[in-house]
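**Student:** Predicted model and sequence follow; I will ask about them next.
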Amino acid sequence: MTRVPTFIYTCLLILCSCNEQPKEIQGSESLEAVQEESARKGQSASTDTTSFEDAFEQFFNALQASDIAALNAFIDPQQGFWLIEQPGALPTYTHFSNMQAVKREYQERPFTSINQEIRTCQLQLRQSLPNFDCATMGGNATGFAEDGCFYSTNTSAFQTTDMWKYASLSQAHAQQVQQLQKQVAITVLHTATAYRFHFGYRNGSWFLLFADLRIPCSA
């Protein structure tokens, strides 16, 4: 039997050990990559733990119960929200920091008074909200192409609207309105009243940015 010299045998052992080290390092790197990816996915998922449908259901239930504290959870303390109304020919924009401060143009009623008009809202997603035509409004007809309670992520029209120009806002308030409009991510339309609620998403929460309580064709 041919014997392998001790020197050569030792070299072979060293070479085998060297070849195994990269595999261990590669395995460690793969594990770290998986952990980092899992952490990244977990962090991403945690930013939207509550879907908009669930958030709006909470908002709607708070509205029906006239629960001011619960409604205030949907008001960004730093930005507040704007109430849009139209008591005459032109729209009015009024800024509020919380719900208890709201006094509507109509008899200075609180915000929660609209729960007498909005009894139900079975939220349905639409690519775009139904069109409105004054000519078809009257009797039991709302004037909308489809009746119900809808929401849409197609908010570009509201983000760029210049309706605020007719509201006699100061320059500072006009800038605030324009900046806040750009943050609107979802709009809810209740066709029976024509009320629209514009929401934005910030720091993992949904906030009411604009409540449009105008009645179409009323001017």
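**Tutor:** Here it is on my side, so go on.
**Student:** how is the chain carved up into domains?
**Tutor:** 1-46, 52-212 (automatic domain parsing).
**Student:** Comparing the ones you listed, which yields the minimum mean pLDDT?
**Tutor:** Least confident of those, judged by mean pLDDT, is domain 1-46 with a mean of 39.
**Student:** Take the domains of the chain and write them to TSV, including mean neighbour count and distance to Ser218.
**Tutor:** Bear in mind the C-beta positions are built from the backbone N, C-alpha and C, glycine included. Putting those into TSV (neighbours: other CB atoms under 10 Å; distance: least, CB to CB, whole Å) gives the following:
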stretch	mean neighbour count	distance to Ser218
domain 1-46	9	44
domain 52-212	16	7
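**Student:** So what pairs up with Phe132 in the strands?
**Tutor:** Phe144 (DSSP bridges).
**Student:** how near is it to Leu189?
**Tutor:** The gap separating Phe132 from Leu189 is 9 Å, by CB to CB, to the nearest Å.
**Student:** overlap in contacts of these two?
**Tutor:** Common contact partners of Phe132 and Leu189 (CB atoms under 8 Å, 6 or more residues apart in numbering): Phe144.
**Student:** List the contacts of Gln175.
**Tutor:** Taking CB under 8 Å, 6+ apart as the definition, Gln175 has no contacts.
**Student:** And what about Tyr151, helix, strand or coil?
**Tutor:** strand (DSSP: H, G, I helix; E, B strand; the rest coil).
**Student:** is it true that it touches Ala185?
**Tutor:** No - in this structure, Tyr151 is not within contact of Ala185 by CB atoms under 8 Å, at 10.4 Å.
**Student:** show me where the protein has strands.
**Tutor:** Secondary structure of the chain by DSSP state E: the strands cover 81-85, 92-96, 123-125, 149-152, 184-190, 195-202, 205-212.
**Student:** For Ser156, see how far away Gln124 is.
**Tutor:** Gln124 is 20 Å from Ser156, by CB to CB.
**Student:** With Phe144 instead?
**Tutor:** For Phe144, the distance to Ser156 - CB to CB - is 19 Å.
**Student:** Put the alpha carbons of stretch 92-107 into PDB.
**Tutor:** Output of stretch 92-107 as PDB, limited to C-alpha atoms (Å, rounded to 0.1, in the frame of the first residue of the first chain):
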ATOM      1  CA  THR A  92     -66.800  78.700   2.200                       C
ATOM      2  CA  TYR A  93     -63.700  77.100   3.700                       C
ATOM      3  CA  THR A  94     -63.400  76.900   7.500                       C
ATOM      4  CA  HIS A  95     -60.500  75.400   9.300                       C
ATOM      5  CA  PHE A  96     -60.900  73.500  12.600                       C
ATOM      6  CA  SER A  97     -58.400  71.800  14.800                       C
ATOM      7  CA  ASN A  98     -60.900  69.400  16.500                       C
ATOM      8  CA  MET A  99     -64.500  68.300  16.100                       C
ATOM      9  CA  GLN A 100     -65.900  70.000  19.200                       C
ATOM     10  CA  ALA A 101     -65.000  73.400  17.700                       C
ATOM     11  CA  VAL A 102     -67.100  72.900  14.500                       C
ATOM     12  CA  LYS A 103     -70.000  75.200  13.900                       C
ATOM     13  CA  ARG A 104     -71.600  74.700  10.600                       C
ATOM     14  CA  GLU A 105     -72.800  77.600   8.500                       C
ATOM     15  CA  TYR A 106     -76.300  76.100   8.800                       C
ATOM     16  CA  GLN A 107     -77.600  77.200  12.200                       C
END
